[in-house]
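Q: coordinates for the following, if possible.
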Amino acid sequence: MSPCERIPNELWLQIFQLLPRESIKQLFSSDRRFSAISRTLLFSHLVFHPYHIRHFWEPTIVTRPSPQYIQLALDRLNFWSSDEIAPLVRECTIMPLDLKWERSDSADPSSSHDLLTTFFDRIDRFGGLRMVRARYMCFSQATLATLCHLPCLDNVVMDNSGVADSEGHIESGLQLHASRFVYRDLWGGISGMKGLQLWIPLLNPDDLRELDISGGADMPAGPPFHNVHRLHAQLDCESASDIFAIWSRFPAVRVLAFKASKSAAQSLTEASAAEAAHVLPLLEEYNSYCQLLPLLPSRPTLTRLVVDSCAPGELVSGLRGMVNNNLHITSLDATLNATLRENSFIAICKSLPKLVGLHINILTTVKRWEYEQAGKVERATDFFSTLAETPTLPPTLERLAITWKFDEGLDPLCSPVERIPDFPRMRDSLVGKCPDLKTLWLDGDDFLFGWRRYSVRRVDREDEASARVSTRDRVKSLRAEFPEFWE
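A: Model prediction:
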C-alpha cells in the first residue's frame, strides 16, 4: 500500500478544502487517485440564475432571458441534476442576473419564471442539499412549498428574497425545518413583496438554533423560540420595551448581537431594571448597547461583552453600573468613537477585575490642523507609552490588544522614531503586572507591536522572534494578520 493510500479520504478532503479551486480542477483532471475527492468539492455548490431583473432593489420586476440563455441554463441544469452529480451538491445559491439598465427585446413576463419552476421541479434530486441561499429572489407559492419540504435542508439564507404580494395568502401548515436562518433586508423593504413578515412565521421553533435578521420592520408576532442559542438582529424597534419584548421570545439565547433604531437606543437610558429582569436568563455573550449594561440582571453565565461605537465615558458609565455582573466578565471587545484617555482606561480595567481578554479599538477622526499641532498623534503615542504603568490592570489578563486608528481620509504623519514607545520595556512591565499575559498587540496606526508567548516559561529566543516593532511602511501588511494572531 502506497503512502497516499494509507491516508483516509476524509483527511484528504480536509486538505483539499484549503486549496484554490483551480488547483482542485487540476487534480481532478490529472490524477486518478484524487478524482473522486476532487469531484466532491468541485460540485458541492451550485449557482443558478433563473431570470433577469431590471434592478436589484426591484426583484419583483422580472424578465425572461433570451432563448439562447435558457437553452444554456437548461443544459447546465441537466448536468447538475444528473444521477452522477446531483448527490454531490450540498449548497445552492439562487440569484437573478442584473440587466444593468439594459432593455431586453425577449422580455416575456408571462413566462419569466419558467427556469425557476424547472429548477424546483428537479430540486428533489439534490437529496443531500443542506444549504440554500437566495439573493433578490421572488418565490411563488409552489416553489416556497418545495423549499419547505427539502429533507436535509438545515441552513437557509435569504437576501432581499420573499414572495410577491400578488401570490395572496401563504398556504397554512408550511414550515421551514432549518437550524439556522438568515434574512437580510439590504434596501430597507421592497415594495410588492413579503419579506421578514413571511419567513418568521414559517420557521419551526423546535428546529431553529440560530437566527440572524437585519433591516426592515419590527419582529413579526409569533410563538417563542425556545431552542435558539444565537440571536443576531438589527430591527427598527421604537422603544426599549419593544427590545425587551423581542428578547423575551428567545429564553435560551447564549450569544446576543442586537441593534435597533436610534430612538430605541436613547430610550434604553430611561428603562428600568425590572423590565430587563426576566429576559435572557442563559446569556453568555452580549453584543449591543453599552447603555443597557447596568440593566442586565445578575447572570453568572455572562462572561463576554462586545460593545460597538461607544464613547469612552459611556462605556465606563455602563461598566460601573454592572454591579451584579462585573465579577463574571472575562472578555471585553469594545470599539470606541473618541479618544481614550488614561483615566478612562484605568476605570475600564477597575470595573472588570477578572478580565482574561481585552480588545479595544479606537476610531478617531483627526483634522489636518490637529496634525500640525501634533495633539492627537502625541496623545496616542503617550497613551501607549504609559500603558504599562496602569495601576488597575487585572492580574488575570492573558490577552491584550489595543488599536488606535485615525481618519482613513488622511495620510497620517509617521511618528518620529524617538516618539515610538519602547515596546520591549513595556512588554516586560506588563508581564510583571499580569504574569499570565500571553498575547500583546499594540497598533498606533503608524507603528505596531505584536508579541506572543507560546509557553508558560520565561520568554526565550524562539518566543522572542514573535515580537515585531514596525514603522508605517510595514504596518499595513502586518495589520492584516491580526484576526489570526488574536485567535
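Q: from here on, contacts and neighbour counts on C-alpha atoms
A: Fine.
Q: lowest-pLDDT helix or strand in the chain?
A: Within the chain, no helix or strand scores below helix 461-464, which has a mean of 38 by mean pLDDT, DSSP states H and E.
Q: and the contacts of stretch 298-317?
A: Contacts to stretch 298-317, defined as Cα atoms under 8 Å, 6 or more residues apart in numbering, come from residues 281-291, 324-325, 328-340, 344, 347-348, 351.
Q: restricted to helices, list those residues.
A: 344, 347-348, 351 (DSSP state H).
Q: these, buried ones only, as a ChimeraX selection?
A: Burial among these is assessed by 16 or more other Cα atoms under 10 Å; the matching ChimeraX selection reads:
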select :344,347,348,351
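Q: ok, so of the ones in helices among the contacts of stretch 298-317, who is nearest residue 68?
A: For these, the minimum distance to residue 68 (Cα to Cα) is 64.1 Å, reached by residue 348.
Q: which residue packs closest to that closest one, ignoring adjacent ones?
A: Leaving out its chain neighbours, the residue that sits closest to residue 348 by Cα to Cα, 6 or more residues apart in numbering is residue 316, at 5.8 Å.
Q: then residue 347?
A: residue 316 (6.4 Å).
Q: A strand includes the one you found, no?
A: No - counting by DSSP: H, G, I helix; E, B strand; the rest coil, residue 316 is not found in a strand; it is helix.
Q: run a quick neighbour tally on it.
A: Using other Cα atoms under 10 Å, residue 316 has 20 neighbouring residues.
Q: from residue 328, how far out is it?
A: Residue 316 sits 17 Å away from residue 328, going by Cα to Cα, to the nearest Å.
Q: same check on residue 146?
A: 47 Å.
Q: the more surrounded of the two?
A: residue 328 (18 against 15).
Q: strands of the stretch 101-250 of the chain, residue ranges please.
A: 131-135, 138-139, 155-159, 162-164, 180-184, 193-194, 210-214, 230-234 (DSSP state E, counting those that start in this stretch).
Q: any chance of the ones you listed in JSON lines, with mean neighbour count and distance to residue 386 too?
A: Converted to JSON lines, the strands of the stretch 101-250 of the chain look like this (neighbours: other Cα atoms under 10 Å; distance: least, Cα to Cα, whole Å):
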{"stretch": "strand 131-135", "mean neighbour count": "20", "distance to residue 386": "50"}
{"stretch": "strand 138-139", "mean neighbour count": "24", "distance to residue 386": "58"}
{"stretch": "strand 155-159", "mean neighbour count": "21", "distance to residue 386": "47"}
{"stretch": "strand 162-164", "mean neighbour count": "23", "distance to residue 386": "55"}
{"stretch": "strand 180-184", "mean neighbour count": "22", "distance to residue 386": "44"}
{"stretch": "strand 193-194", "mean neighbour count": "22", "distance to residue 386": "56"}
{"stretch": "strand 210-214", "mean neighbour count": "20", "distance to residue 386": "41"}
{"stretch": "strand 230-234", "mean neighbour count": "20", "distance to residue 386": "37"}
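Q: mind giving me the domain split of the protein?
A: With domains defined by automatic domain parsing, the chain comprises 1-42, 44-228, 303-487.
Q: weakest of the ones you listed in terms of mean pLDDT?
A: Comparing those by mean pLDDT, the weakest confidence falls on domain 1-42, with a mean of 63.
Q: on that earlier part again, dump the strands of the stretch 101-250 of the chain into JSON lines; add distance to residue 70 as well.
A: As requested, the strands of the stretch 101-250 of the chain are exported to JSON lines (distance: least, Cα to Cα, whole Å):
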{"stretch": "strand 131-135", "distance to residue 70": "20"}
{"stretch": "strand 138-139", "distance to residue 70": "18"}
{"stretch": "strand 155-159", "distance to residue 70": "24"}
{"stretch": "strand 162-164", "distance to residue 70": "23"}
{"stretch": "strand 180-184", "distance to residue 70": "29"}
{"stretch": "strand 193-194", "distance to residue 70": "25"}
{"stretch": "strand 210-214", "distance to residue 70": "34"}
{"stretch": "strand 230-234", "distance to residue 70": "38"}
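Q: out of those strands, which is closest to residue 202?
A: Residue 202 lies closest, by Cα to Cα, to one member of the strands of the stretch 101-250 of the chain: strand 180-184, at 10.7 Å.
Q: by contact count, what packs against that closest one?
A: When contacts are defined as 3 or more Cα pairs under 8 Å, 6 or more residues apart in numbering; DSSP states H and E, strand 180-184 sits against strand 155-159, strand 210-214.
Q: can you rerun that using 10 Å?
A: Here strand 180-184 touches strand 131-135, strand 155-159, helix 196-202, strand 210-214, strand 230-234, going by 3 or more Cα pairs under 10 Å, 6 or more residues apart in numbering; DSSP states H and E.
Q: who does the helix or strand containing residue 442 pair up with?
A: Residue 442 belongs to strand 439-443 when assigned by DSSP states H and E. Sheet partners assigned to strand 439-443 using DSSP bridges are listed as strand 399-406 (parallel), strand 447-452 (antiparallel).
Q: ok, and which of the ones you listed has the densest surroundings?
A: Each of the strands paired with strand 439-443 was scored by mean neighbour count; the highest is strand 447-452, a mean of 22, by mean count of other Cα atoms under 10 Å.
Q: figure out how far that strand is from the centre of its chain.
A: Centroid separation between strand 447-452 and its chain, computed with Cα atoms, centre = their mean, to the nearest Å, is 26 Å.
Q: can you check stretch 228-239 too?
A: Worked out by Cα atoms, centre = their mean, stretch 228-239 lies 14 Å from the chain centre.
Q: and it, end to end?
A: 23 Å.
Q: cool, and stretch 81-88?
A: End-to-end distance (Cα to Cα), stretch 81-88: 10 Å.
Q: list the contacts of that stretch.
A: 39-46, 77-80, 89, 119, 122-129 (Cα atoms under 10 Å, 6 or more residues apart in numbering).
Q: before we move on, the earlier item: to residue 214, which of the strands paired with strand 439-443 lies closest?
A: Of all the strands paired with strand 439-443, strand 399-406 sits nearest to residue 214, with 27.3 Å by Cα to Cα.
Q: C-alpha coordinates for that closest one, CSV please?
A: Taking C-alpha atoms only, strand 399-406 is exported to CSV below (Å, rounded to 0.1, in the frame of the first residue of the first chain):
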residue,chain,number,x,y,z
ARG,A,399,-4.6,38.7,26.0
LEU,A,400,-4.4,42.5,25.4
ALA,A,401,-5.0,44.2,22.1
ILE,A,402,-5.4,48.0,21.6
THR,A,403,-5.7,49.5,18.1
TRP,A,404,-5.8,53.3,17.6
LYS,A,405,-6.9,54.3,14.1
PHE,A,406,-7.1,57.8,12.7
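Q: so which of the strands of the stretch 101-250 of the chain is nearest residue 295?
A: Per Cα to Cα, nearest to residue 295 of those: strand 230-234, 19.1 Å.
Q: quick one, longest helix in this protein?
A: The longest helix of the chain (DSSP H) is helix 67-80.
Q: give me the helices and strands touching that one, please.
A: Against helix 67-80 (3+ Cα pairs under 10 Å, 6+ apart) you get strand 45-48, helix 114-122.
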